[in-house]
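Student: With the sequence up front, the predicted model follows.
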Amino acid sequence: MRIGLLLAESRGGIGQHVASLVPRFVAAGHEVVVCAPPGTAEHFDFGAATVVTQAPALRGSDVIHAHGYRAGMAALRDRSRLRPLVVTWHNAVIAPGPRGLVMRLGQRLVAKGADLTLGASTDLVDLAKSLGARQARLAPVAAPAIPEVRTPAADVRQALGLGDQPLVVTVGRLAPQKDYPTLLTVAARVHESTPDAVFVVVGDGPLRDNLQARIDAERLPVRLLGHRSDVADLLGAADVFLLTSHWEARALVLQEAMQVGVPVVATAVGGVPELVGDSAVLAFTGDADGLADGVRAVLAEPDTANAMRTRGRELAARWPDEDAVAKNLLDIYAGLVSTSP
């Protein structure tokens, strides 16, 4: 088959996912063409794929797989010559106001226009069906390879200026979806009962200055570390991984934390509950008190923390890996091609 993979602008999980598919599709004997904006094409290694920047260059493909509803919209502009069309929904629309309305209208058009909609989490599948998708099914993005912890936890802690202090780690772009204001409130609540606990946030983004201003004003025990290349080492040294997002599908960093064996405290949003099962402490979005209670419980109860580590690793071992996900997609493509007019 000639497989066309279409992306919108990406620097994170979607681009990583597509980059992981390319060598597996090529190894199975297929020709792969990736269409991505120049910045995305430069950021990721798409290996032996032909890389183009305009969707019409995908014409002649046996199947088109767009990742994200914005990529799906690009495919629909040339619908008559870009089919059969598969669109994977990786994210929910949480933007408010007119921008959010336009984005949700785009979702509806993509749901109705795609031959098959795949959702990274069950809530996305249900949403696609409610918007008129012809076919919709769950197709989780592969769990990342188990992170390699290179630096002993004691050395990581020493580099951060910590001894035996409890360490709570969060990783993610400093953007509204991650709800870092709630994280700062959680840190303040935990500090009241566990004053030596330290929260570190890995990642950059547009909210950095605002978050730092509040950290300084309230003297919160939170450090913004910016971009780091040693995330696995930081996870290996953590006592708790904290996720306060308004929404996530199958957050890759959450999967990495569970694979490393870090107890997780998170918001019960999107695909998080089905991902973590009973291995994590969950709270409602924006519930700073509930999240703080979860962090305190993990820090104060070693038996609870150890049980969470074990359950998290056991659950992670059952997730589909990149090979299984690629094979499943190739089977889906073959089925569509065989029935396409």
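Tutor: Alright, I've got the coordinates. Residues are numbered from 1 along each chain as shown.
Student: Domains in the protein, by residue range?
Tutor: 2-142+320-339, 153-316 (automatic domain parsing).
Student: tell me how far the ends of the longest one are from each other?
Tutor: The stretch domain 153-316 measures 21 Å between its terminal residues, going by C-alpha to C-alpha, to the nearest Å.
Student: got it, and the first one?
Tutor: One end of domain 2-142+320-339 to the other measures 16 Å (C-alpha to C-alpha).
Student: quick check, distance from it to the centre of its chain.
Tutor: Its chain's C-alpha centre and that of domain 2-142+320-339 lie 15 Å apart, by C-alpha atoms, centre = their mean, to the nearest Å.
Student: Any buried residues in the helix or strand where L127 lies, and which?
Tutor: Taking DSSP states H and E as the criterion, L127 maps to helix 122-130. Neighbour-count burial for helix 122-130 flags D123, L124, V125, L127, A128, K129 (criterion: 16 or more other C-beta atoms under 10 Å). (Each C-beta comes from the backbone N, C-alpha and C, glycine too.)
Student: ok so, going back, would you format the domains of the chain as JSON lines with mean pLDDT included?
Tutor: Below are the domains of the chain laid out as JSON lines (pLDDT from 0 to 100):
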{"stretch": "domain 2-142+320-339", "mean pLDDT": "90"}
{"stretch": "domain 153-316", "mean pLDDT": "95"}
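Student: in its sheet, what does the helix or strand that the helix holding L127 is followed by sit against?
Tutor: Using DSSP H and E, the helix or strand that directly follows helix 122-130 along the chain is strand 136-138. Strand pairing for strand 136-138, determined by DSSP bridges: strand 116-119 (parallel).
Student: Can you list the helices and strands that the helix holding L127 packs against?
Tutor: Judged by 3 or more C-beta pairs under 8 Å, 6 or more residues apart in numbering; DSSP states H and E, the packing partners of helix 122-130 are strand 85-89, helix 97-113, strand 116-119, strand 136-138.
Student: Restricting to C-alpha, output the longest one in PDB.
Tutor: This points to helix 97-113. In PDB, the C-alpha atoms belonging to helix 97-113 read as follows (Å, rounded to 0.1, in the frame of the first residue of the first chain):
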ATOM      1  CA  GLY A  97     -15.800  31.200  23.300                       C
ATOM      2  CA  PRO A  98     -15.900  31.800  19.500                       C
ATOM      3  CA  ARG A  99     -12.600  29.900  19.000                       C
ATOM      4  CA  GLY A 100     -13.900  26.900  20.700                       C
ATOM      5  CA  LEU A 101     -17.200  27.000  18.800                       C
ATOM      6  CA  VAL A 102     -15.300  27.100  15.500                       C
ATOM      7  CA  MET A 103     -13.100  24.200  16.600                       C
ATOM      8  CA  ARG A 104     -16.200  22.100  17.600                       C
ATOM      9  CA  LEU A 105     -17.800  22.800  14.200                       C
ATOM     10  CA  GLY A 106     -14.600  21.500  12.600                       C
ATOM     11  CA  GLN A 107     -14.900  18.400  14.700                       C
ATOM     12  CA  ARG A 108     -18.400  17.800  13.400                       C
ATOM     13  CA  LEU A 109     -17.400  18.200   9.800                       C
ATOM     14  CA  VAL A 110     -14.500  15.800  10.300                       C
ATOM     15  CA  ALA A 111     -16.600  13.200  12.100                       C
ATOM     16  CA  LYS A 112     -19.100  13.200   9.200                       C
ATOM     17  CA  GLY A 113     -16.500  13.300   6.500                       C
END
